[in-house]
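In: Sequence unavailable; structure follows:
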Ligand SMILES: Nc1nc2c(ncn2[C@@H]2O[C@H](COP(=O)(O)OP(=O)(O)OP(=O)(O)O)[C@@H](O)[C@H]2O)c(=O)[nH]1
Ligand SMILES: [Mg+2]
Ligand SMILES: [Zn+2]
């Protein structure tokens, strides 16, 4: 049957104007609402969609509508880990080793957002001897499949890594920004970087400062307090002395969370403490000193108390991906209400006269540290926009 003219043809890429809320970041403090809106978009599962961001002029969504494969005959599952180009997919009963259909792979590469842990996928089983069965899943002892479609992503945690965009996780609700009071040394600026990526990706942030037992001078406790004052949920915990873990568990129950942060801060230790049967590998101090990562690939796991968790390998450096300089201000929550006080509507808050943000820094309403984080990231975004 030929599709009507106003319907895009199946399997073809179409360009559509973006929805309003995907345009320039709103200047209102509405990240919670954006997060909720994002959740609503999951019903749109007929389409594979993504935002390409090569500057505002081309911010249109590219969508693949349908495919020759009929959705009703496909199986659905959740990507639990990636092994190179092969996705391990959980269909609720068993795990499949899935490659990605060539056409879809080309599209995802072009969009620079490959399949990631947390993706909801549609796949078809591959019977033995079929041409698609190019990889050996024998060693994995799993049936094989081919991913035909990816459902639209509710949330997306991205980072720039060596000139490439890396998808840390898709469709998670909470991003648990994990750092340590010490070993490795606490760097608040890193928290700010993660916060921006988490807001941009429409997740709910939670700051978790672990190893409170090592906070000899009270610096880490002070950092935890400062973020709580900004309005973030901020927990000061210790796996070693088992403090704060129950509160953390209550906060993330029945949702999907991703633990992110530098190597050695105790991400896997926290997950094990909440769910001892998982028995994840934990690093030793010498690994940390050598800069060695203990967790090497992101993996999605199920909590017995409801919900899922993604453990990720440590990210010492966290460079922003696909965040434009002019949208940064919207991700600094204490800036948002003050922005209307700036004299110029396109104020970048760095050297303009009559800037409400600079005035607030001078008056002590915004800390110098957070302001410096903003300026540093603003310059980095501008640098990236040159390419
Ligand atoms: N003192 C102290 N040490 C801790 C605590 N939590 C974890 N550790 C130690 O920190 C080290 C690193 O822990 P991991 O859980 O492997 O850290 P990770 O963040 O998963 O590291 P990567 O997998 O490399 O990203 C281990 O030696 C843990 O025993 C804590 O609350 N206090
Ligand atoms: Mg780990
Ligand atoms: Zn300003």
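Out: Yes, it's here. Keep in mind that this is a model prediction, so the values were computed, not measured. Ligands and ions are numbered 1, 2, ... in the order given.
In: Now do the contacts for the closest residue to residue 369 other than its chain neighbours.
Out: For residue 369, ignoring the flanking residues on the chain, the nearest one in space by CB to CB, 6 or more residues apart in numbering is residue 188 at 6.2 Å. Yep, even glycine has a C-beta here, placed from its N, CA and C like the rest. Applying CB atoms under 8 Å, 6 or more residues apart in numbering to residue 188 gives the contacts 223, 226, 369, 373.
In: From residue 273, how far out is residue 267?
Out: Computed with CB to CB, to the nearest Å, the distance linking residue 267 and residue 273 is 11 Å.
In: if you count what's nearby, which of these two comes out ahead?
Out: Per other CB atoms under 10 Å, whichever of residue 267 and residue 273 has more neighbours is residue 267, with 31 against 19.
In: shouldn't that one be in contact with residue 179?
Out: No - counting by CB atoms under 8 Å, residue 179 is not a contact partner of residue 267; they are 10.0 Å apart.
In: Mutual contacts of the two, please.
Out: residue 261.
In: does the helix ranked longest in the chain come close to ligand 3?
Out: Scanning the chain for the helix with the most residues, using DSSP state H, yields helix 368-385. No - Helix 368-385 stays clear of ligand 3 (CB under 5 Å from the ion), getting no nearer than 10.5 Å.
In: Show me where this protein dips below the pLDDT cut-off.
Out: Applying pLDDT under 70 to the chain flags the ranges 1-70, 112, 128-140, 286-291.
In: where does the stretch 251-387 of the chain come near ligand 3, residue by residue?
Out: Residues of the stretch 251-387 of the chain lying near ligand 3 (CB under 5 Å from the ion): 342, 347, 349, 355, 357.
In: which among the residues you listed end up buried?
Out: Neighbour counting with 16 or more other CB atoms under 10 Å marks 342, 347, 349, 355, 357 as buried within these.
In: which one among those residues gets closest to residue 161?
Out: Of all those, residue 349 has the smallest distance to residue 161: 27.8 Å, by CB to CB.
In: Not counting sequence-adjacent ones, nearest residue to the closest one?
Out: Distances taken as CB to CB, 6+ apart place residue 357 nearest to residue 349, at 3.9 Å, with adjacent residues excluded.
In: ok, back up a step: tell me the one of the residues of the stretch 251-387 of the chain next to ligand 3 nearest residue 97?
Out: Nearest to residue 97 out of these is residue 349 (CB to CB; 49.2 Å).
In: quick one: the closest one is in a strand?
Out: No - Residue 349: not assigned to a strand; according to DSSP: H, G, I helix; E, B strand; the rest coil it is coil.
In: Let me know whether it touches residue 370 as I believe.
Out: No - contact status for residue 349 versus residue 370: not in contact, 11.6 Å apart, counting by CB under 8 Å.
In: And stretch 334-348, what's buried?
Out: Judged by neighbour count using 16+ other CB under 10 Å, the buried positions of stretch 334-348 are 334-336, 338-339, 342, 347-348.
In: could you list every residue that touches residue 239?
Out: Residue 239 is in contact with 210-211, 245, 266, 269-270, 272-273, counting by CB under 8 Å, 6+ apart.
In: TSV please, covering those residues and showing secondary structure.
Out: Putting the contacts of residue 239 into TSV (three-state DSSP) gives the following:
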residue	secondary structure
210	strand
211	coil
245	helix
266	coil
269	helix
270	helix
272	helix
273	helix
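In: For ligand 3, state which of these is nearest.
Out: Proximity of the contacts of residue 239 to ligand 3 (CB to the ion) peaks at residue 210, which lies at 35.5 Å.
In: Would you mind naming the residues that bridge with the most centrally placed residue in the chain?
Out: Nearest residue to the geometric centre of the chain (CA atoms, centre = their mean): residue 157, 1.6 Å. With DSSP bridges as the criterion, residue 157 is bridged to residue 169.
In: Kindly list the longest strand within the chain.
Out: strand 75-83 (DSSP state E).
In: What residues sit buried inside that one?
Out: 75, 77-82.
In: again with stretch 200-215
Out: So for stretch 200-215, counting by 16+ other CB under 10 Å, buried means 200-212, 215.
In: now the helices for the stretch 101-250 of the chain?
Out: For the stretch 101-250 of the chain, helices defined by DSSP state H, counting those that start in this stretch occupy the ranges 102-110, 188-200, 219-230, 245-252.
In: Put together TSV for those, with distance to ligand 1 on each row.
Out: Output for the helices of the stretch 101-250 of the chain, formatted as TSV (distance: least, CB to the nearest ligand atom, whole Å):
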stretch	distance to ligand 1
helix 102-110	26
helix 188-200	13
helix 219-230	11
helix 245-252	10
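In: so which of these is the most packed in?
Out: Highest mean neighbour count among those (mean count of other CB atoms under 10 Å): helix 188-200, with a mean of 22.
In: Tell me what angle that helix forms with helix 219-230.
Out: On the basis of axes from the mean of the first three to the mean of the last three CA atoms, to 10 degrees, helix 188-200 is oriented at 30 degrees to helix 219-230.
In: now helix 188-200 and helix 368-385, what's the angle there?
Out: Angle of helix 188-200 versus helix 368-385, following the same axes, to 10 degrees, is 60 degrees.
In: where does helix 188-200 sit relative to the chain's centre, distance-wise?
Out: Helix 188-200 sits 11 Å away from the centroid of its parent chain (CA atoms, centre = their mean, to the nearest Å).
In: Same check on stretch 150-159?
Out: For stretch 150-159, the distance to the chain centre is 7 Å (CA atoms, centre = their mean).
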